[in-house]
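Peer 1: after the sequence you'll find the predicted model.
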Amino acid sequence: MEEELKLFIQVWVSAIISVTYCYYLTPKIKTSLLRLLSVLPVCVLFLIIPIFFSTVHSSFTIAFFLSGLAVPKLILFALEKGPLFPLPPNLPHFVCFACFPIKLQKKPNPENTNHFPKWVFALKVFIFGALLLQAYHYKQFLSTNFLLGLYALHIYLELEISLTLIKFLVSITLGCDLEPQFNEPYLATSLHDFWGHRWNLMVSKILWLAVYNPIRQWRAKSSEWDRFFAIFATFLVSGVAHEILYFYLTREKPTWEVTWFFVLHGFCMAAEVALKRKTKLVQRWPVNPAVSRLLTVGFVFVTGVWLFSPQPIRHGLMEMFINEDLFLIDFFNRKLYILLGLFTSL
């Protein structure tokens, strides 16, 4: 654990130095090709780093933050696009926007710097820490389907809680308003609503800039087929990126189940968008929001159990996540008790 922590700190120091190099050198280069070549060594470094970690939380964090997001951000930056262009006002802003899944709020609301109701977030933390993790102690008594539901809830809550805390800390540090990463995905009324406006919004934005936009703009006059292909290609790239993420975590060759999950969702979302644009069925016979939410979340859950979950379950990733979560909670509880004991003895 201590060695892993030391490596984790060393990696982040290296990442900050690497991104600082991009901040000072890359904008001074005139041509796009040379700018791209200047960030290439940093991108290669960020793609290699996750392999050196042994715990799934460390591997996932580095793979998600640096390999999955910082690399496309830096490539877009070299092409004078993306969230790092125009150049942020100072180095701390650039480092944070490059290395963390955050995005500056374009229209800040001075009355509400936190874009989530505090009691809802507190409830999610309580459900995750006090109920969900404790339920795993009795998993031998739980049915397989119920356990799969717990795994899905675990992934969502741990992602949202972690990213929200990072957003909150970075927002305070930089003194600026940041966009939320999640927008209550369980309230989605369609696949387009789920993937485009509610789930992991920083990733959606990067994929939109790096994949969807270039495909839509490759012809002066794009057609509906271009839109369909752009949506499908975006989901295909997302699927391949998740296969790479699973490789970092399992060190096993891809099985392509996760890619098929995103291919299926890409096809269905493209068909959904085309149906809404080309027909008046939705306007003529609107679906009750409660029904559309149930259908959307149900479709995501069923296809996730079918294609997304088998690989991490087969390789024991969920067990590793759960054990590490319980270990970390126990570790911090013991440290807290020690601190409280020292405080009360004074």
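Peer 2: Cool, got the structure.
Peer 1: ok, and the helix or strand in this structure with the lowest average confidence?
Peer 2: The helix or strand of the chain with the poorest confidence is helix 281-284; it has a mean of 62 (mean pLDDT, DSSP states H and E).
Peer 1: helix, strand or coil for Val237?
Peer 2: helix (DSSP: H, G, I helix; E, B strand; the rest coil).
Peer 1: leaving out sequence neighbours, find the closest residue to it.
Peer 2: Val211 (5.0 Å; CB to CB, 6 or more residues apart in numbering). Any C-beta I mention is one placed from the backbone N, CA and C, and that applies to glycine too.
Peer 1: residue ranges for the helices of the stretch 101-250 of the chain, please.
Peer 2: Ranges of helices within the stretch 101-250 of the chain are 118-126, 133-135, 144-174, 191-197, 201-207, 213-216, 224-250, based on DSSP state H, counting those that start in this stretch.
Peer 1: please work out how many residues are found near the closest residue to Pro88 other than its chain neighbours.
Peer 2: Distances taken as CB to CB, 6+ apart place Phe94 nearest to Pro88, at 4.5 Å, with adjacent residues excluded. Using other CB atoms under 10 Å, Phe94 has 20 neighbouring residues.
Peer 1: can you give me the offset of the host helix or strand of Phe94 from its chain's centre?
Peer 2: Secondary structure from DSSP states H and E places Phe94 in helix 91-99. Distance of helix 91-99 from the chain centroid (CA atoms, centre = their mean, to the nearest Å) equals 17 Å.
Peer 1: okay, angle between that helix and helix 144-174 too, please.
Peer 2: 160 degrees (axes from the mean of the first three to the mean of the last three CA atoms, to 10 degrees).
Peer 1: picking that back up, shouldn't the residue nearest to Pro88 be in contact with Val19?
Peer 2: Yes - assessed by CB atoms under 8 Å, Phe94 is found in contact with Val19 at 6.8 Å.
Peer 1: measure Thr164 to Gln181 for me?
Peer 2: Distance, Thr164 to Gln181, using CB to CB, to the nearest Å: 7 Å.
Peer 1: no wait, Ala135
Peer 2: Relative to Gln181, and taking CB to CB, Ala135 is found at 25 Å.
Peer 1: more neighbours, the two?
Peer 2: Gln181 (22 against 16).
Peer 1: which residue is the nearest non-sequential neighbour of that one?
Peer 2: Leu163 (4.4 Å).
Peer 1: contact partners for the one you found?
Peer 2: 101, 181-182 (CB atoms under 8 Å, 6 or more residues apart in numbering).
Peer 1: ok, back up a step: now render the helices of the stretch 101-250 of the chain as CSV, adding distance to Val42 and mean pLDDT.
Peer 2: Shown next, in CSV, are the helices of the stretch 101-250 of the chain (distance: least, CB to CB, whole Å; pLDDT from 0 to 100):
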stretch, distance to Val42, mean pLDDT
helix 118-126, 34, 89
helix 133-135, 37, 89
helix 144-174, 21, 92
helix 191-197, 29, 94
helix 201-207, 17, 93
helix 213-216, 22, 89
helix 224-250, 17, 93
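Peer 1: as CSV, the ones you listed with distance to Val287 would be great.
Peer 2: CSV is the format used below for the helices of the stretch 101-250 of the chain (distance: least, CB to CB, whole Å):
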stretch, distance to Val287
helix 118-126, 26
helix 133-135, 33
helix 144-174, 23
helix 191-197, 12
helix 201-207, 23
helix 213-216, 28
helix 224-250, 21
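Peer 1: nearest to Pro289, out of these?
Peer 2: With CB to CB as the criterion, Pro289 lies closest to helix 191-197 of the helices of the stretch 101-250 of the chain, at 10.5 Å.
Peer 1: off-centre distance for that closest one?
Peer 2: Using CA atoms, centre = their mean, the offset of helix 191-197 from its chain centre is 14 Å.
Peer 1: buried ones in it?
Peer 2: Going by neighbour count (16 or more other CB atoms under 10 Å), the buried part of helix 191-197 is 191-196.
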